Structures are given as C-alpha cells and as structure tokens.
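Enquirer: Model the following, please.
(2 chains)
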Amino acid sequence: MGAEGLTCLSIAEAGAEIRRRALSPVELVRAHLARIERLDPSLGAYMTLLADSALAAARAAETEIAGGGYRGPLHGIPVALKDLIQTRGIRTTLGSTIYRDWVPTQDATVARRLQEAGSILLGKLHLHEFAFGPTGVNPHYGTPRNPWAHGRMPGGSSSGSGVAVAASLAAAALGTDTGGSVRIPASLCGIVGLKPTYGRVSRHGVFPLAWSLDHVGPLTRTVADAGLVLAALAGRDPADPSTLELPAPGCGGPAEVRGLRLGLPRELFFEHVDREVRAAVEAAASALEGLGARLEEVSLPAMRHATPATFAIIAAESMAVHRPILKAHGPAYGGDVRTRLLAGQFILATQYLDAQRARQIVRGELDRVLTSVDALLTPTTPIPAPPVEAREAAVDGISLDVRAWLTRCTRPINLTGHPALSLPCGLTAGGLPIGLQLVGRMFDEATLLRIGGAYEAVSPMRGRRPPEPA
Amino acid sequence: MPAISTELLQAIGRELADLAVDPADLPAIQAQLTAQQPGLAALETLDLTGVEPATVLLPGLEGGHGG
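Expert: Down below sits the predicted model:
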C-alpha cells in the first residue's frame, strides 16, 4: 500500500496492522505529514503542525511496540486536537488573536488520555473563534475549506477537526460541542461525530464556552473508530466533577439492529428540512427498517422550548466566562462573536433560571420517550453546507440566519445532555454531504454505535471520500 | 412584543453591567434579543413550579474546566 493509501485506513484497520507489526507508526505518521504538506495549504485545517514531535513520538511508539509494550488500538495512530484543548508547551490559540501566543503549562485531561493511549499528536486544528459559532468562519485565522466543495462552510465550531479527518489529514480529531460543534462539522464534511453523554468525558483543560452545555467528543471516518476514541477518553476525572466513573461504552460488538425501536420525532427535527436532506434521512430510516429495526413516530412537544432555553443558558454562561476578557480586549474579538457574547449581559437572572428549569422538563420528556424507543433518528443539520459567505438560508420559504439552521437539530441535545452520533447518509445532487443524527439514552453510547455501525455497512456513503485535489 | 431599544441596552451596559457596548454593536445585539423574546416569554407557559433550576445534569458540583 502506498503512503497515500495509509492515510485512508481507519483506526481499526491501521491499529490491527500496527499491532502485528506489519505497519510502522513512523511510516503512518510520515504519510500523514506528507499529505498535510500537500493538501493543507489549500484546506487550512491546521493551526499548528507538530511534525518533529510527531515523528519523535512515532519512533518512540515503534520502539515500545517492538518491545512488547503495545498499549491498545490507538497506539501509533496520528490524531489532532481542536485548538481549544490545552496542550502543555504547545500554543493554544482558542481561535482568537488574544491568545495567539498562549502556551499552556498543562495538558487537558483528554489530551493526556489520548497520549496515554499511545496516539501521536500531529497538531492543533482551526476553530470558530472561542468555539462560539457553528459556521467555522474565523475572521482572524481564515476559514478551513470543506473538502467536498471548497466554497462551502466546513461547519463549526470544530471546523479544522471536520476538515482534517474528512481529508485524511488525521485518523481522528477531537472537537468540542456546546450546541452541535462536533456533529455539525461532521455532518457538513461527511464524517462521523460523537457527542458523548454529559459527564462521560472530562472537560478539564478545555476552554469553556458554557459550562452546563459543553462536551468533548471525537470526529472520525467510521463509527467503530468513534467508539475506539471514546473508550480512551471516557471516565471519571477528579478535575471535572461533572464526570462519572462508569465503564467505557462497549464497542466492537455486533452491529445488529433487529428488534430495536427507532423514534422519528414529530416536532422540530423534521420541520422545515431541506428536500434532499429529508429524502436522505428518510432513506436511512428505511434502510434501518430493512435491517430489522422498527420505526415509530414519537412526540416531544416541550422541544419547542429548547432553542430559547439554550439561547439564555449559552448567553449567560458564556458572558460569565468572557466578561473579564471582553473588558480587557473587547475590540480584539471578531464582531460576530463579540456581539453574541455581549447579548449575554442583557439576560435576566430569572430568564436564565427559568431556562434551567425548562431544561429539566425537556430532558424529562426525552427520557420518557427513550423508554419506549431505543434511539431517536433525525437529520443532523436541516441544510447541507452553505456557501462560506452566506449569512442566511431559506427552507420552505423561511429565511433564517445560517447559524440558526445549522444548530436547530443539535442544540436541543446539548440542553438535555443525551449522547448523539452524527454519521453521513448521502450526498446532495451538488455533491454535499448529508448527516444523520442518532440520539440515545443517557450513557448508552453503545446502542448508538451499534445502530450507526449497522447503518454504515449499507449506507450509500460507504467508501465515499471527498474529491481528491489534483 | 416591542423591540428592546438600543438606548436601553447602552444604558444597562454602562450603568449596571459595567461593560460598555460599542454603539456599532448595538443593532446586532438588539436583533438577537428581540428575536429570542417570544421564545423566552413562552418558557412561562411551562409549569415550572416545583422544578429546581439545576445547573448541572449529574450529581456533583460543576467544576471550572478552563484550567
């Protein structure tokens, strides 16, 4: 297999070869670095490339494995991190010019866990400024290009993570998800994105956007790979008291859906959805039905309160995080993010608390529905990737801010804290990826991985990759 | 529902929040808040009595993760 071919391997495939010492981590990392050198000048996924340290770590992994010290399926696998995740001794910009030269003195827990699992850090990835936006458009550092269509948004806020994995510039990447920021770039870039259950993965050392909504999760090219990365990340972290000590979700089990019940929500998620997106998601539902799953319409009337409740919570919590930074560096923020943050100082305390109370109702309703079905099935985004310069998009004659469209189906699941998996389910006639979202019971990522794995095997996106640049 | 005036926003920012807002930013802030007002008001249609405003979803105290 040529070097370019190595970059297309899944983690499971590459890991199996590394384990039996048929593939060298050095060879794998070199292949990725060569591809990054060739493609990233036009794609712009990487903020900071760590070629020398990656090669050194790959050599160390090779030696360790040769000595019988194989650590597991991530050992020797090249990965990258959203540049909001602190890395000791490596600058972490947060997508902001204010932190252009910030070099943290600690690793985020997730960075450390990936390192302990033996993965190789290739570099840090671009993002929407301070992770506060779903488009990935960054006025300071430029906007990563969607590998499927360079004039289209990559999605955000984990824009570089989506682009790097879709273009095979890393085997996996980590992103953060406060309103959909793992799942949206996964959807728009045609890859897999997993927002774990709130409490499953530590956020310690990850710059916050909104404490009670923030999650960290993997972006990968296969469902099984998302499970492998999650297994390395999951678990109690004393530094993040919201985390729980639970067994890591099982992965690698049978991708079998016979007898499982999938709920199609009547409200919100299928209202005002682009025609091609709806057709692809409905086809995915039919495919799962063909595999033996049962489809049921379900009702979630309180979901209509999810958008305003999430708005109030993000606005208030993000303002609390950013207030001292805004006071000192307000003009250094991009206008898009600054005005969204400043709106937070006009949220009444009672509105915030009512939003938190409404949250319990929305969450309880979803919990109840998930006692009668095993998972929900929805579009991830109701529209495919908009043009980079777009500010509004229209569906069914309704024109809204693209940010509202992009977060419409993902944001409610940050409010409730349930796990959600996005995976590709088709392409538009124009060649843009379409994402399918599966939402599961609290701490039941295993069922999502099982359903996603079963669908992936029959998906029209199986084996599809972005067009290869000349 | 009446729009929230930019004058009111400027006064709150200056007098209460101690974070002055550039007048050029006010229309964008006003538009966001005005768009969300009906939804925020509709939260009152829920029966919120007896629901505690938990700010975390799981047991344990929420910790800062900025580190």
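Enquirer: hang on, residue A:277 packs against residue A:378?
Expert: No. Under the criterion of CB atoms under 8 Å, residue A:277 makes no contact with residue A:378, lying 10.5 Å away. Glycine gets a C-beta too; all of them are placed from N, C-alpha and C.
Enquirer: before we move on, which element is residue B:40 in?
Expert: helix B:26-42 (DSSP states H and E).
Enquirer: Likewise for residue A:224?
Expert: Element membership of residue A:224, judged by DSSP H and E, is helix A:223-233.
Enquirer: now check that helix, is it near chain B?
Expert: No. Helix A:223-233 stays clear of chain B (CB under 8 Å from any CB of the partner chain), getting no nearer than 13.9 Å.
Enquirer: avg pLDDT for the helix or strand following that helix?
Expert: Downstream of helix A:223-233, the next assigned helix or strand under DSSP H and E is strand A:261-265. Averaging pLDDT along strand A:261-265 yields 98.
Enquirer: Please enumerate residues in contact with strand A:261-265?
Expert: Contact partners of strand A:261-265, identified using CB atoms under 8 Å, 6 or more residues apart in numbering or on different chains, comprise A:270, A:285, A:288, A:293-300, A:303, A:369-370, A:372-378, A:451.
Enquirer: Selecting buried members of those residues in ChimeraX, what would you type?
Expert: Listed next is the ChimeraX selection for buried residues among the contacts of strand A:261-265, using 16 or more other CB atoms under 10 Å in any protein chain shown:
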select /A:270,285,288,293,298,300,303,369,370,373,374,375,376,377,378,451
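Enquirer: and chain B, which of the contacts of strand A:261-265 reach it?
Expert: Within the contacts of strand A:261-265, nothing lies near chain B by CB under 8 Å from any CB.
Enquirer: Show me the contacts of strand A:261-265 that map onto helices.
Expert: A:285, A:288, A:369-370, A:372, A:451 (DSSP state H).
Enquirer: between the residues you listed, which is nearest chain B?
Expert: The nearest member of those to chain B, counting by CB to the nearest CB, is residue A:370 at 14.6 Å.
Enquirer: Just give the nearest non-adjacent residue to that closest one, would you?
Expert: residue A:441 (4.8 Å; CB to CB, 6 or more residues apart in numbering or on different chains).
Enquirer: Could you pull up phi and psi at that neighbour?
Expert: phi -70, psi 160 (degrees, to the nearest 10).
Enquirer: what about it, neighbour count?
Expert: By the measure other CB atoms under 10 Å in any protein chain shown, the count of residues near residue A:441 is 19.
Enquirer: And for the one 3 residues further on?
Expert: Other residues near residue A:444 come to 17 when the count uses other CB under 10 Å.
Enquirer: quick one, what contacts it?
Expert: Counting by CB under 8 Å, 6+ apart, residue A:444 touches A:197, A:249, A:419.
Enquirer: Select from the residues you listed the one having the most neighbours.
Expert: Within the contacts of residue A:444, residue A:419 tops the neighbour count with 28 neighbours, counted by other CB under 10 Å.
Enquirer: Go ahead and confirm residue A:211 touches residue A:317.
Expert: Yes. Using CB under 8 Å, residue A:211 is in contact with residue A:317, at 5.5 Å.
Enquirer: Skipping adjacent residues, who's closest to the residue in chain B that chain A sits nearest to in space?
Expert: Per CB to the nearest CB, residue B:39 is where chain B lies closest to chain A, at 2.9 Å. Distances taken as CB to CB, 6+ apart put residue A:308 closest to residue B:39, at 2.9 Å, once the chain neighbours are dropped.
Enquirer: Now the stretch 101-250 of chain A against chain B: closest residue?
Expert: Counting by CB to the nearest CB, the stretch 101-250 of chain A gets nearest chain B through residue A:203, at 3.8 Å.
Enquirer: Burial check on the residue of chain B closest to chain A, number of neighbours?
Expert: Residue B:39 is flanked by 18 other residues according to other CB under 10 Å.
Enquirer: I'd guessed it sits against residue A:310; true?
Expert: No. Between residue B:39 and residue A:310 there is no contact under CB under 8 Å: 9.8 Å.
Enquirer: would you say residue A:98 is within a helix?
Expert: Yes. The assignment for residue A:98 (DSSP: H, G, I helix; E, B strand; the rest coil) places it in a helix.
Enquirer: residues in contact with it?
Expert: Taking CB under 8 Å, 6+ apart, one finds A:325, A:329, A:332-333 in contact with residue A:98.
Enquirer: Give me the most central residue, chain B.
Expert: Per CA atoms, centre = their mean, the C-alpha nearest to the average position across chain B is that of residue B:33, at 7.8 Å.
Enquirer: Nearest residue to that one in space, please, no chain neighbours.
Expert: Closest to residue B:33 by CB to CB, 6+ apart is residue B:4, at 5.3 Å.
Enquirer: Quick check: the one you found is in a helix.
Expert: No. Looking at residue B:4 with three-state DSSP, it is coil, so not inside a helix.
Enquirer: Give me the buried subset of the contacts of residue A:98.
Expert: Among the contacts of residue A:98, those classed as buried by 16+ other CB under 10 Å are A:325, A:333.
Enquirer: Distance-wise, check residue B:4 relative to residue A:161.
Expert: According to CB to CB, to the nearest Å, residue B:4 stands 36 Å off from residue A:161.
Enquirer: For the residue in chain A that chain B sits nearest to, which residues are in contact?
Expert: As assessed by CB to the nearest CB, chain B sits closest to residue A:308 within chain A, at 2.9 Å. By CB under 8 Å, 6+ apart, the contact set of residue A:308 is A:355, B:36, B:38-40, B:42-43.
Enquirer: Now do the SS call for it.
Expert: Residue A:308 ends up helix, using three-state DSSP.
Enquirer: and it, what pLDDT?
Expert: Model confidence at residue A:308, given as pLDDT, is 96.
Enquirer: Residue A:470 now?
Expert: At residue A:470, pLDDT is 69.
Enquirer: circling back to that earlier point, which residues does the residue nearest to the centre of chain B contact?
Expert: By CB under 8 Å, 6+ apart, the contact list for residue B:33 reads A:343, A:346, B:4, B:9.
Enquirer: lowest-confidence helix or strand of chain A?
Expert: Here the helix or strand of chain A ranked lowest by mean pLDDT, DSSP states H and E is helix A:3-7, holding a mean of 90.
Enquirer: residues of that helix that come out buried?
Expert: Those would be A:6-7, for helix A:3-7 by 16+ other CB under 10 Å.
Enquirer: can you count the residues close to the residue nearest to residue B:33?
Expert: 17.
Enquirer: repeat for residue A:387
Expert: Residues near residue A:387, counting by other CB under 10 Å, number 12.
Enquirer: beta partners of it?
Expert: residue A:152 (DSSP bridges).
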